[in-house]
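Engineer: Sharing a model that was predicted from the sequence below.
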Amino acid sequence: MTKLNIIRPDDWHLHLRDSPFLEAVVADSARQFARAIIMPNLDPPVRSCGDALAYRDRIRAALPADCPFNPLMTLYLTDNTSVDEIRAASESEFIHGAKLYPAGATTNSAAGVTNLSKIAPVFEAMQKYGLVLQVHGEATAAEVDIFDREKIFIDESLTHIRARYPQLRIVFEHITTRDAVEFVRQADDHLAATITAHHLLINRNALFRGGIRPHHYCLPVAKREHHRQALLEAASLGEARFFAGTDSAPHSLQAKESACGCAGIYSAHCALELYAEAFEQCGDFSHLESFMSRNGADFYRLPYNTERVVLERSPWVVPDTLPYPESSLIPFMAGETLTWKLSLND
Ligand code: DOR
Ligand code: ZN
């Protein structure tokens, strides 16, 4: 196989930040993807339809001229999100979900939900109006072992949300465990999951190979190899309720290489190539297009993109650094060789 020709993909989970960082990263995503679900964890967060509209305008203004990239906006749920805001979001054409960050779970999640019972009416409204719930699925109690956070969230929270709101459509974001794969598999079609390229490519050893590796630190943190194998299987078998979401999350070099470094891996510069690299490990590309370009659109009830993209087997080396305001950005796989290269059109 020397060429892979697929429908232009979408990124179902992306962090673009805000000016001036937005301008530094948005073109990377727009080069590969037609659309992306834009995460709302700005500071302050994207809490209202007005915030989302203004952020969308800033994203569009930061795009190269005539670029057709379509940012699909989300709201950030807080303890105070109102049912009216949910109804307005569901009636808008540009908001495609609302994100649940358990308070304290990750970057800019301090304003997140402190107790699920506080947003019961919001879940009810999302179910009623058909607005997708995107979930950062990690338990946040300090005593929970960091490698068990996802499994405990399933047992303590997600199972109950599913039971209580069976018609609520949920995306379990950036899953990292075999437990999550199994949970999604056994569920009905109201539950789907995104999988990042980095969780398909590294296990937790990558955080400590020869010393501490801050550029491999993200949340949820990478898990054991047998969990990575379960993710690879779910992605590469073409199962309909698993799809690509990069969780590309830029932080400056200084914010990463610090005594208390930020969580987040920047993968947007070559996301599609990274996913192709993961599928290469399975030796089967027959479901790459479903995973990258169809399953997510089906779940979000959006049409498929009409353009196509081509990847060529043409090894290349990922740059050591990328430009970032007053700093630099270390991309995932910096200095490593990747097998597949995006060649822009057919
Ligand atoms: O690693 C992560 N970085 N995980 C998240 O959930 C948030 C993200 C960020 O915004 O930096
Ligand atoms: Zn994220």
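Structural biologist: That came through, no problem. Residues are numbered from 1 along each chain as shown. Ligands and ions are numbered 1, 2, ... in the order given.

Engineer: near ligand 1, which residues of the stretch 151-300 of the chain?
Structural biologist: Counting by Cβ under 6 Å from any ligand atom, the stretch 151-300 of the chain comes close to ligand 1 at 218-219, 247, 249, 263-264. Quick note: C-beta positions are derived from backbone N, CA and C, even for glycine.

Engineer: May I see these organised as a markdown table, with pLDDT added?
Structural biologist: Shown next, in a markdown table, are those (pLDDT from 0 to 100):
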| residue | pLDDT |
| --- | --- |
| Cys218 | 98 |
| Leu219 | 98 |
| Asp247 | 98 |
| Ala249 | 98 |
| Ala263 | 98 |
| Gly264 | 98 |
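
Engineer: Kindly indicate which of the residues you listed lies nearest Arg294.
Structural biologist: Asp247 (19.9 Å; Cβ to Cβ).

Engineer: Now do the strands in the chain.
Structural biologist: For the chain, the strands defined by DSSP state E occupy 3-7, 11-14, 35-38, 70-76, 95-100, 133-135, 170-172, 191-195, 242-244, 308-317, 322-324, 327-329, 337-343.

Engineer: now those in a markdown table, with mean pLDDT and mean neighbour count?
Structural biologist: Below are these laid out as a markdown table (pLDDT from 0 to 100; neighbours: other Cβ atoms under 10 Å):
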| stretch | mean pLDDT | mean neighbour count |
| --- | --- | --- |
| strand 3-7 | 97 | 16 |
| strand 11-14 | 99 | 28 |
| strand 35-38 | 99 | 26 |
| strand 70-76 | 98 | 23 |
| strand 95-100 | 98 | 25 |
| strand 133-135 | 98 | 24 |
| strand 170-172 | 99 | 27 |
| strand 191-195 | 99 | 26 |
| strand 242-244 | 98 | 28 |
| strand 308-317 | 97 | 15 |
| strand 322-324 | 98 | 16 |
| strand 327-329 | 98 | 18 |
| strand 337-343 | 97 | 16 |
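
Engineer: need those in TSV with distance to Ala27, can you?
Structural biologist: What follows is those, written out as TSV (distance: least, Cβ to Cβ, whole Å):
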stretch	distance to Ala27
strand 3-7	21
strand 11-14	13
strand 35-38	12
strand 70-76	13
strand 95-100	22
strand 133-135	24
strand 170-172	26
strand 191-195	22
strand 242-244	19
strand 308-317	16
strand 322-324	11
strand 327-329	13
strand 337-343	13
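
Engineer: Asp51: which of those is closest?
Structural biologist: strand 70-76 (8.0 Å).

Engineer: top of the residues of the stretch 151-300 of the chain next to ligand 1 by neighbour count?
Structural biologist: Asp247 (29 neighbours; other Cβ atoms under 10 Å).

Engineer: these two touch, right, that one and His13?
Structural biologist: Yes. Counting by Cβ atoms under 8 Å, Asp247 touches His13, with 5.1 Å between them.

Engineer: got any residues that touch both of these two?
Structural biologist: Taking Cβ atoms under 8 Å, 6 or more residues apart in numbering as the contact rule, the neighbours common to Asp247 and His13 are 173-174, 194, 196.

Engineer: For these, pick the one with the most neighbours.
Structural biologist: Thr196 (31 neighbours).

Engineer: Tell me which two in the residues of the stretch 151-300 of the chain next to ligand 1 are the farthest apart.
Structural biologist: Those two in those that are separated most widely, counting by Cβ to Cβ, are Asp247 and Ala263, at 10.0 Å.

Engineer: any common contacting residues for these two?
Structural biologist: With Cβ under 8 Å, 6+ apart, Asp247 and Ala263 have common neighbours Cys218.

Engineer: As a markdown table, the residues of the stretch 151-300 of the chain next to ligand 1 with distance to Tyr304 would be great.
Structural biologist: Output for these, formatted as a markdown table (distance: Cβ to Cβ, whole Å):
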| residue | distance to Tyr304 |
| --- | --- |
| Cys218 | 29 |
| Leu219 | 31 |
| Asp247 | 23 |
| Ala249 | 27 |
| Ala263 | 33 |
| Gly264 | 30 |
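
Engineer: got the contact list for stretch 32-39?
Structural biologist: Contacts of stretch 32-39 (Cβ under 8 Å, 6+ apart): 8-16, 29, 55-56, 59, 68-74, 96-97, 99, 134, 245, 268, 271-272, 300, 302, 305, 307, 309, 342.

Engineer: repeat for stretch 293-311
Structural biologist: 3-10, 12, 32, 34-35, 37, 72, 96-97, 132, 169, 171, 192, 194, 238, 240-245, 272-273, 276, 340-346.

Engineer: now do stretch 84-100
Structural biologist: Contacts of stretch 84-100 (Cβ under 8 Å, 6+ apart): 37, 39-41, 47-49, 52-53, 56, 72-77, 81, 112-113, 119, 122, 125-126, 129-136, 171, 173, 300.

Engineer: need the contact list for the nearest residue to Ala263 once chain neighbours are set aside.
Structural biologist: Counting by Cβ to Cβ, 6 or more residues apart in numbering, Ala263 lies nearest to Leu219, which is 4.2 Å off, once chain neighbours are set aside. The neighbourhood of Leu219, defined by Cβ under 8 Å, 6+ apart, consists of 105-107, 136, 138, 263-264.

Engineer: and the two most separated of the residues you listed?
Structural biologist: Glu138 and Gly264 (14.4 Å).

Engineer: For His160, grab the count of nearby residues.
Structural biologist: 11.

Engineer: Hmm, I typed the wrong one, I wanted Pro9.
Structural biologist: Look at Pro9: counted by other Cβ under 10 Å, it has 26 neighbours.
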